[in-house]
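J.: How does the following fold in three dimensions:
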Amino acid sequence: MARRAVTMTTAAFTATAALLLTACGGGDESSPEDIKGAGGGSPSASASASGGADVKRPDVSLPSDLKVDFDLAQPSEDGHAAALDNAKNYILALNHGITAQDPEDPAYGFYSLGNATKYARTQIQAWVDDEWTATGTDSYYKSQTDDVGDSGGVLVTMCRDQSRFFGKNVRTDKVKHTEPSLNDYQEFRLLMKPPQASQKVWKVLQIEVEGRVKECRR
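T.: Numbers count the residues shown, from 1 in each chain. This next block holds a predicted model:
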């Protein structure tokens, strides 16, 4: 997959986040890079459903050859914990769409709004157009959650290691292995909007992915 450089710094993203949440979910589109893959997991690795446990959630199960490893510390504050859980669900839903080869898959839309919904659809469409699905193990770790101004929103940050995560051609089943490098280490920043009365779940409003992050290397 092609890559594009991220143009928004963490500080600018956080500042913009406060404005977006104040504006009830609208916002300027960030410039996330194309992702080699976007996390995944077997059905048993599904993220927690806190922050709307009574809500009927979409299927985000994945094929047995695609696994996810969320090694993330659970925040003590309920709102932050729910925001982190649904950030993970969004990542799982994005991969569900990739492995289902369906850019209109409803799962990612359940966990996102605005630019984050557009981002997921664009990513899935790129995989489908190039005739790739995902396989291997994807790892997320070193998470942090921060309040965004007085809006009630939460900014979720996490590192990603995709050195064991690969593309697989949907026609030939041939796996495209890559050599480990700094390209495998990314930082995800997800702006989470708190539940509205009709939604009951935290949703990703905006996502930024920065590539080649030395601080995420393990």
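
J.: Show me which positions of stretch 118-137 end up buried.
T.: 119-121, 123-124, 126-128, 132-137 (16 or more other Cβ atoms under 10 Å). Every C-beta, even on glycine, is put in place using the N, C-alpha and C of the backbone.

J.: just checking, which of those residues belong to helices?
T.: Among the buried residues of stretch 118-137, the residues falling in helices (DSSP state H) are 119-121, 123-124, 126-128.

J.: Let me see the ranges of the helices in this structure.
T.: Going by DSSP H, the chain shows helices at 10-22, 78-100, 106-110, 114-129.

J.: Of those, which stretch is the most buried?
T.: Ranked by mean neighbour count, the helices of the chain are led by helix 78-100 with a mean of 25 (mean count of other Cβ atoms under 10 Å).

J.: tell me which strands and helices that one is in contact with?
T.: strand 66-71, helix 106-110, helix 114-129, strand 132-148, strand 153-161, strand 185-193, strand 203-211 (3 or more Cβ pairs under 8 Å, 6 or more residues apart in numbering; DSSP states H and E).

J.: Okay, now the sheet partners of the fourth one, with direction.
T.: If you go by DSSP bridges, strand 132-148 pairs up with strand 66-71 (parallel), strand 153-161 (antiparallel), strand 165-169 (antiparallel).

J.: distance of the residue located most distally from the centre of the chain from residue 165?
T.: Distance from the centre of the chain peaks at residue 172, with 27.5 Å (Cα atoms, centre = their mean). Residue 172 is 19 Å from residue 165, where distance means Cβ to Cβ, to the nearest Å.

J.: which one of the buried residues of stretch 118-137 is nearest residue 199?
T.: residue 120 (17.0 Å; Cβ to Cβ).

J.: ok, for the closest one, nearest residue in space, not its chain neighbours?
T.: residue 108 (3.9 Å; Cβ to Cβ, 6 or more residues apart in numbering).

J.: isn't the one you found right up against residue 122?
T.: No - Residue 108 is not in contact with residue 122 according to Cβ atoms under 8 Å; the separation is 10.9 Å.

J.: Let me know which of the helices and strands packed on helix 78-100 is the nearest to residue 55.
T.: In terms of Cβ to Cβ, the element of these nearest to residue 55 is helix 106-110, at 8.9 Å.

J.: deepest of the strands paired with strand 132-148, which one?
T.: Note that of those, strand 153-161 is the most buried (mean count of other Cβ under 10 Å), with a mean of 23.

J.: before we move on, the earlier item: can I get the helices and strands packed on helix 78-100 in JSON lines with distance to residue 177?
T.: As requested, those are exported to JSON lines (distance: least, Cβ to Cβ, whole Å):
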{"stretch": "strand 66-71", "distance to residue 177": "15"}
{"stretch": "helix 106-110", "distance to residue 177": "27"}
{"stretch": "helix 114-129", "distance to residue 177": "17"}
{"stretch": "strand 132-148", "distance to residue 177": "9"}
{"stretch": "strand 153-161", "distance to residue 177": "16"}
{"stretch": "strand 185-193", "distance to residue 177": "17"}
{"stretch": "strand 203-211", "distance to residue 177": "19"}
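
J.: closest one to residue 80 among those?
T.: strand 132-148 (4.1 Å).

J.: quick one: the closest one to chain centroid distance?
T.: Offset of strand 132-148 from its chain centre (Cα atoms, centre = their mean, to the nearest Å): 7 Å.

J.: same deal with stretch 59-74?
T.: 12 Å.
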